[in-house]
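no FASTA, just this:
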């Protein structure tokens, strides 16, 4: 059973990681700012998707294998705490302390809000 779970997580991550990279580059290339909009976008999108999945799972309407592929697999690889941390530190070290603080606040508030909205949508269906 553990081998199957690892395979499901790896399959989801194999899609989520490249998508994170491509989405980040696509979004960041369209903004002429040092604010990490690409990372912010993938983190919020991943939080919304995870909220939808976990809400559906809690409502009993989603197969546990789908939860494993999409939750820790896809969303785990799509979202990125390490890049968020690095980019926040880089902003602060470069003298953009306001943007660093805004990055922390926006990621926290928007990520939690997106997860909440995802759960609310899933349980209402």
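Good, I have the coordinates. This one's a predicted model, so the numbers in the text were calculated from it and none came from an experiment.

Name the surrounding residues that touch stretch 111-125.
With contact meaning Cβ atoms under 8 Å, 6 or more residues apart in numbering, stretch 111-125 is reached by 43-45, 47-56, 58-59, 61. All C-beta atoms are positioned from the backbone trio N, CA, C, and that covers glycine.

Could you tell me how far residue 124 is located from residue 87?
According to Cβ to Cβ, to the nearest Å, residue 124 stands 34 Å off from residue 87.

These two: who's more crowded?
residue 87 (21 against 8; other Cβ atoms under 10 Å).

these two touch, right, the more buried one and residue 38?
No. Using Cβ atoms under 8 Å, residue 87 is not in contact with residue 38; the gap is 9.4 Å.

Tell me how many other residues crowd residue 17.
The number of residues near residue 17, taken as other Cβ under 10 Å, comes to 16.

mind listing what it touches?
77-78.

Number the residues from 857 up from this point.
Taking 857 as the first residue, the last one we looked at is residue 873.

Buried residues, the helix or strand where it lies. List them.
Here residue 873 sits within helix 858-884, counting by DSSP states H and E. Judged by neighbour count (16 or more other Cβ atoms under 10 Å), helix 858-884 contains these buried residues: 864-865, 868-869, 872-873, 875-877, 879-880, 883-884.

now the helices: where do they sit in the protein?
858-884, 893-914, 920-924, 932-934, 937-949, 953-980 (DSSP state H).

quick one, the fifth one and helix 953-980 angle?
In terms of direction (axes from the mean of the first three to the mean of the last three Cα atoms, to 10 degrees), helix 937-949 departs from helix 953-980 by 150 degrees.

Quick one: list the elements packing against helix 937-949.
Under the contact criterion of 3 or more Cβ pairs under 8 Å, 6 or more residues apart in numbering; DSSP states H and E, helix 937-949 touches helix 893-914, helix 953-980.
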